[in-house]
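Peer 1: Turn this into a model:
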Amino acid sequence: MNAAQRRDAILSILSEAEGSVSASHLAAKFNVSRQIIVGDVALLRAGGANISATPRGYVLEGQEAGLLRTVACRHDRQGTEEELNIMVDNGCTVLDVVVEHPVYGQLTGQLQIASRYDVRQFIERLDAEDTKPLSTLTDGIHLHNLRCPDEAAFERTCAALRAAGFLLEAEK
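Peer 2: A predicted model of the protein is given here:
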């Protein structure tokens, strides 16, 4: 298999995948290094493929069903796990986190968190890497883009975030 065929196969795998696919998994499948896969994905992106890198691997964007909604939140590091669990418990997938940096402008971190298991994995990775969430750059203020199955799920999510004191809303 040549490089172009491998890139076509990567696109096919991503389009059929139920979730994310790690570079390590793809490397093993094609018997190449992880770095070769990273380069292949970069070339696919440059060619117009809408591939996102998440903490658990690559996903091909634009295939998911549901409503896209955005919420503004504010909390400290300790609120991260509770906030994410509220979102997934109400049926939403947390696509990303967005902060407004004073020098770099908008910074986005891909998440693709859809379950409590995903939340736990994310929190464990933050702890293992001894790193901080992006929201620490903005005094806890951040956005999440969500994919919700319906408007009722989004409304339940907002109500639960409000009750927990995480939802950032305009003062009335």
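Peer 1: helix, strand or coil for the most centrally placed residue in the chain?
Peer 2: The chain has residue 111 as the residue nearest its centroid, 1.8 Å off, counting by CA atoms, centre = their mean. Assigned by DSSP: H, G, I helix; E, B strand; the rest coil, the conformation of residue 111 is strand.
Peer 1: all strands in the protein, in order from the N-terminus.
Peer 2: Secondary structure of the chain (DSSP state E): strands at 51-54, 57-60, 67-74, 93-101, 105-113, 141-148.
Peer 1: Next, format those strands as TSV and append mean pLDDT.
Peer 2: Listed next are the strands of the chain as TSV, based on pLDDT from 0 to 100:
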stretch	mean pLDDT
strand 51-54	84
strand 57-60	86
strand 67-74	93
strand 93-101	92
strand 105-113	91
strand 141-148	93
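Peer 1: what's the neighbour count on residue 46?
Peer 2: As a burial measure, residue 46 scores 8 neighbours (other CB atoms under 10 Å). The way it works is simple: take the backbone N, C-alpha and C, and place the C-beta from them, glycine included.
Peer 1: returning to that earlier point: as JSON lines, the strands of the chain with distance to residue 5 would be great.
Peer 2: As requested, those are exported to JSON lines (distance: least, CB to CB, whole Å):
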{"stretch": "strand 51-54", "distance to residue 5": "17"}
{"stretch": "strand 57-60", "distance to residue 5": "18"}
{"stretch": "strand 67-74", "distance to residue 5": "34"}
{"stretch": "strand 93-101", "distance to residue 5": "31"}
{"stretch": "strand 105-113", "distance to residue 5": "27"}
{"stretch": "strand 141-148", "distance to residue 5": "32"}
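Peer 1: And those: which comes nearest residue 21?
Peer 2: Of all the strands of the chain, it is strand 57-60 that lies closest to residue 21, at 4.8 Å by CB to CB.
Peer 1: From what I see, residue 160 and residue 86 are in contact.
Peer 2: Yes. The pair residue 160 / residue 86 is scored as a contact, 4.6 Å apart, by CB atoms under 8 Å.
Peer 1: quick one, which of the two is more surrounded?
Peer 2: residue 86 (24 against 18).
Peer 1: show me the contacts for that one.
Peer 2: 157, 160-161, 164, 166 (CB atoms under 8 Å, 6 or more residues apart in numbering).
Peer 1: Residue 57 too?
Peer 2: If you count contacts by CB under 8 Å, 6+ apart, residue 57 has them with 19-23, 25.
Peer 1: And residue 102, its phi and psi?
Peer 2: Main-chain dihedrals, residue 102, degrees, to the nearest 10: phi -70, psi -20.
Peer 1: Spatially nearest residue to residue 36, not counting backbone neighbours?
Peer 2: Sequence neighbours aside, residue 27 is the residue nearest to residue 36 in space, at 6.8 Å (criterion: CB to CB, 6 or more residues apart in numbering).
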